[in-house]
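[1] Build me a model from this:
(2 chains)
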There are 2 protein chains.
Amino acid sequence: MRHYDRVALIGLGLIASSMAHAIRDNGLAGEIVGHAKSAETRATALEIGLVDRVCDTAAEAVAGADLVVLCVPVGAMDAIAAEIAPHLAPGATVTDVGSVKQAVVKAVAPHMPAHVQFIPGHPLAGTEHSGPRSGFATLFVNRWWLLTPLEGNDPAAVARLRGMIEAMGANVEEMDLVHHDLVLAVTSHTPHLIAYTMVGVADHMRRVTHEEVIKYSASGFRDFTRIAASDPTMWRDVFLTNKEAVLDVLGRFAEELFVLQRAIRMGDGDMLFDYFTRTRAIRRGIIEAGQDTSAPDFGRGAPVPPPKPETE
Amino acid sequence: MRHYDRVALIGLGLIASSMAHAIRDNGLAGEIVGHAKSAETRATALEIGLVDRVCDTAAEAVAGADLVVLCVPVGAMDAIAAEIAPHLAPGATVTDVGSVKQAVVKAVAPHMPAHVQFIPGHPLAGTEHSGPRSGFATLFVNRWWLLTPLEGNDPAAVARLRGMIEAMGANVEEMDLVHHDLVLAVTSHTPHLIAYTMVGVADHMRRVTHEEVIKYSASGFRDFTRIAASDPTMWRDVFLTNKEAVLDVLGRFAEELFVLQRAIRMGDGDMLFDYFTRTRAIRRGIIEAGQDTSAPDFGRGAPVPPPKPETE
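    Numbering: from 1, shown residues only, chains lettered A, B, ... in the order given. Down below sits the predicted model:
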C-alpha cells in the first residue's frame, strides 16, 4: 500500500538505505529520492540502484516530496534543515531518525516553515555497519520506532507517518522528548560509551598484546567490540548532544562500579552473587518482552546478512 | 576416533553437557560417565540421556576413568579435588575448564597423587545459559581452548588431551598460568563485570521504569543484558579468584572512562571521534582474525539453538 507519493531520504547511511529497501520491497511510496553530502556515497547509491533518483543537493531531493526523512548525524541537522526549508512542499511531513531528540528539535524546528509538519522520530534499530551498502529491508521488523510529536502536530500527519513506519515492520510508540533522551541514555548511549572505553583499555594494556586481545576475545569482550565498532560520527554527536542525561547515568555507573570493585577487593562473594542473580532476572524480562531471542549464540549470530526477522 | 576409554565429567553444566554431546557425536570416548552435586541435575542428565552413566558421587564417577574433567565452579575445585584424589586411576589425566587458572592450580594440584597428570585448561566458549540441558555439540567449534600445562606434565599426556579437544572442533593453544589470568581479565572478566554494573544501574534508575528499560533495550544495552545473564556462581568465583588482575584492569577502565566523561562534559568532539575511530579498528581486527562474523545482527543472532559453527 502506498503511504506517500514521494519520499526524500536525506543522508544515505544504514538507516536510510534500510528504509529505501523496506519502502521499495513493500511498495510504500510512489517514488524514493535520495541525497547524500558525499559524492562517493551518491555514486554508490546510484550504482546499487538504492533509490529511484539520486540528487546532488538536498534542496533538489526534497522538492515535491510529501515525506522528507533526515538521516544525517545529529550534528548536521541544523545546517541541513536550513538548506531544505525554502524548498519543502506545502503539507509535507518532515521527520528524522536521530538518536537524541531534544537537540534535533532545537536544531531543526526553528527552520521549519508553518506549512510543513515536523514530527521527530527515532528507530531503535542498528548494526555496527554504516553506509549505503549496509541497509537491508528487515532492519526495522519487530523493532521499536519512537515518535516524539511536537505540540501543534496534526494528528492526521502523525497517523500517516506512523502507518508507513508500521508497514516497514516496526512497532511505534509516542514519547515525550525529554523522557526519550533519558531512556536512551540508559539503554543505549551509556552502554555504548562503556563498550568504547573497555575496548580502549584493552588496546592500551602493555602486558597483553594486541594480537592476544583480538585472538582470545571470546564471550564478553567480543560483544563490546561489536558495539564499539558503530559509526564514530553518529556517536560523537550523540554524546555531545545528550550530554546531561549521559553524564547523569555515567555518574551512577561509576558509583555502582566502585561498589562492585570494593566487593571484589574485600572478597564479598555473597554481595557479588546476589548482584549477578538480579541482573540475570532483568535479562529474562527482556527475553519475555520479545526484544531478543534466548538462542545461546552469545552475539555470534548468523553468518550472512540479512538476519531473519525475529518472529517469536 | 576414540581418544580415551572412559571420560568422567564432574559437574554437568553448560560446558560438561556440551562436551558430552561433542564426545558422543564424534565417538571420542568408549564411555562417558557424569556426576553432579545436585540430585536434580543428576535426574535431568539421566532423563535426557546426557551421559552413559550418572553417578551419585564424584568418587564413583572417576573410578577407572582415563580422563577426568572438572567442570565445577572455581570455588568448588578444592573440595572436589580432595574428594576424587584417592579414587583416581593410575595414569589418568585430570583437567578442568575453569575460567581462572592460578586459583584452580592452587586448589587442585596439592591433592593430586603422583600417578596422575593434572593439566589445567580453559575453553573460551560459552552462552548465557547454564545447566545440563544447555549444552550442544558445536559449542567449541572454531573456539579457543587454552591449556596451561604444569612443570612436570608428561608431553604425551598433554598431546593426547589436546587431540581430544581438537576433535571436538576447538583450537588449542598453550599459555602460562599467570599470563592466562591477565589476558582473560582484559578480554572476558572485566567486560562481564561492567555489563553486570550497567544492567544494575538501569535497574536502579527511578525516572526510567523497569518496563521501559526492558522494552527499549535495542542495540547496546541488550548485548549487556546477554552478558549479564551468565551463571552467577561461576562469575562470583571468577572475580573472587582472579581478584588482582581484575582490579588492575578495572582501575585502568575507571581512568579511561573519566577521560571520556570529561571530553563529553567539555564538548571535545574531536577527542571522542578519534577514540571511537580507534576502537572501530580493533573490531575490524577481530573480524579479520576470524573470531566473529561481520553479519549486521548486533547480537540478535539466529532464532534457534544450536548455532552453526562459523566457517569463514
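[2] Report whether the lengthiest helix in chain A contacts chain B.
    Ranked by number of residues, the top helix in chain A under DSSP state H is helix A:243-266. Yes. Residues of helix A:243-266 contacting chain B under Cβ under 8 Å from any Cβ of the partner chain: A:243, A:246-247, A:249-250, A:252-254, A:256-258, A:260-261, A:264-265. For the C-beta atoms, the positions are set from N, CA and C on the backbone; glycine is no exception.
[3] So how do I select the buried members of those residues in PyMOL?
    The PyMOL selection below is limited to those of the residues of helix A:243-266 next to chain B classed as buried (16 or more other Cβ atoms under 10 Å in any protein chain shown):
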select buried, chain A and resi 243+246+249+250+252+253+254+256+257+260+261+264
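[4] Quick one: mean pLDDT over the longest helix of chain A.
    Here helix A:243-266 scores 95 as its mean pLDDT.
[5] looking at this, A:Ala103 is in a helix?
    Yes. Assessed by DSSP: H, G, I helix; E, B strand; the rest coil, A:Ala103 belongs to a helix.
[6] wait, isn't it in contact with A:Val74?
    Yes. A:Ala103 is in contact with A:Val74 according to Cβ atoms under 8 Å; the separation is 5.8 Å.
[7] Show the backbone phi and psi for A:Asn171.
    Backbone dihedrals for A:Asn171, given as degrees, to the nearest 10, come out at phi -100, psi 120.
[8] count of neighbours near the closest residue in space to it that isn't next to it in sequence?
    Spatial nearest neighbour of A:Asn171, chain neighbours left out: A:Trp144 (5.4 Å); criterion: Cβ to Cβ, 6 or more residues apart in numbering or on different chains. Using other Cβ atoms under 10 Å in any protein chain shown, A:Trp144 has 19 neighbouring residues.
[9] Please apply the same query to A:Pro155.
    8.
[10] gap between it and A:Ile264?
    Distance, A:Pro155 to A:Ile264, using Cβ to Cβ, to the nearest Å: 54 Å.
[11] A:His210 now?
    From A:His210 over to A:Ile264 the distance is 26 Å, taken as Cβ to Cβ.
[12] which regions of the stretch 101-250 of chain A sit below the pLDDT cut-off?
    Within the stretch 101-250 of chain A, the segments meeting pLDDT under 70 span A:206, A:218-220.
[13] mind listing the strands in it by residue range?
    Taking DSSP state E, counting those that start in this stretch as the test, the strands found in the stretch 101-250 of chain A are A:117-118, A:121-123, A:144-147, A:171-174.
[14] Tell me the helices and strands packed up against the second one.
    Here strand A:121-123 touches strand A:93-96, strand A:144-147, helix A:155-167, going by 3 or more Cβ pairs under 8 Å, 6 or more residues apart in numbering or on different chains; DSSP states H and E.
[15] How far does it sit from its chain's centre?
    The chain centre lies 7 Å from the centre of strand A:121-123; the measure is Cα atoms, centre = their mean, to the nearest Å.
[16] strands paired with it, and their directions?
    For strand A:121-123, the paired strands and their directions (DSSP bridges) are strand A:144-147 (antiparallel).
[17] Going along the chain, name the helices of chain A.
    According to DSSP H, chain A carries its helices in the segments A:14-25, A:39-47, A:58-62, A:77-84, A:102-108, A:155-167, A:177-184, A:190-204, A:210-215, A:221-227, A:232-241, A:243-266, A:269-288.
[18] Which residues in the second one does the neighbour count mark as buried?
    The neighbour-count check on helix A:39-47 (16+ other Cβ under 10 Å) flags A:41-42, A:44-45 as buried.
[19] Tell me which two in those residues are the farthest apart.
    For those, the farthest-apart pair by Cβ to Cβ is A:Arg42 and A:Thr44; their separation is 7.3 Å.
[20] so what sits against both of those two?
    A:Leu12 (Cβ atoms under 8 Å, 6 or more residues apart in numbering or on different chains).
[21] Just the endpoints, please. Distance across stretch A:3-17?
    Stretch A:3-17 has an end-to-end distance of 18 Å (Cα to Cα, to the nearest Å).
[22] What residues of that stretch count as buried?
    Under the neighbour-count rule (16+ other Cβ under 10 Å), stretch A:3-17 has A:3-4, A:6-17 buried.
[23] would JSON lines of those residues with distance to chain B and pLDDT be doable?
    Below are the buried residues of stretch A:3-17 laid out as JSON lines (distance: Cβ to the nearest Cβ, whole Å; pLDDT from 0 to 100):
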{"residue": "A:His3", "distance to chain B": "24", "pLDDT": "97"}
{"residue": "A:Tyr4", "distance to chain B": "25", "pLDDT": "98"}
{"residue": "A:Arg6", "distance to chain B": "28", "pLDDT": "98"}
{"residue": "A:Val7", "distance to chain B": "23", "pLDDT": "98"}
{"residue": "A:Ala8", "distance to chain B": "25", "pLDDT": "98"}
{"residue": "A:Leu9", "distance to chain B": "19", "pLDDT": "98"}
{"residue": "A:Ile10", "distance to chain B": "22", "pLDDT": "98"}
{"residue": "A:Gly11", "distance to chain B": "17", "pLDDT": "97"}
{"residue": "A:Leu12", "distance to chain B": "16", "pLDDT": "97"}
{"residue": "A:Gly13", "distance to chain B": "13", "pLDDT": "96"}
{"residue": "A:Leu14", "distance to chain B": "8", "pLDDT": "95"}
{"residue": "A:Ile15", "distance to chain B": "12", "pLDDT": "97"}
{"residue": "A:Ala16", "distance to chain B": "15", "pLDDT": "98"}
{"residue": "A:Ser17", "distance to chain B": "11", "pLDDT": "98"}
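[24] I'd like the residues you listed as JSON lines, with distance to A:Gly131 appended.
    As requested, the buried residues of stretch A:3-17 are exported to JSON lines (distance: Cβ to Cβ, whole Å):
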{"residue": "A:His3", "distance to A:Gly131": "26"}
{"residue": "A:Tyr4", "distance to A:Gly131": "25"}
{"residue": "A:Arg6", "distance to A:Gly131": "24"}
{"residue": "A:Val7", "distance to A:Gly131": "20"}
{"residue": "A:Ala8", "distance to A:Gly131": "19"}
{"residue": "A:Leu9", "distance to A:Gly131": "14"}
{"residue": "A:Ile10", "distance to A:Gly131": "15"}
{"residue": "A:Gly11", "distance to A:Gly131": "11"}
{"residue": "A:Leu12", "distance to A:Gly131": "8"}
{"residue": "A:Gly13", "distance to A:Gly131": "6"}
{"residue": "A:Leu14", "distance to A:Gly131": "7"}
{"residue": "A:Ile15", "distance to A:Gly131": "11"}
{"residue": "A:Ala16", "distance to A:Gly131": "10"}
{"residue": "A:Ser17", "distance to A:Gly131": "8"}
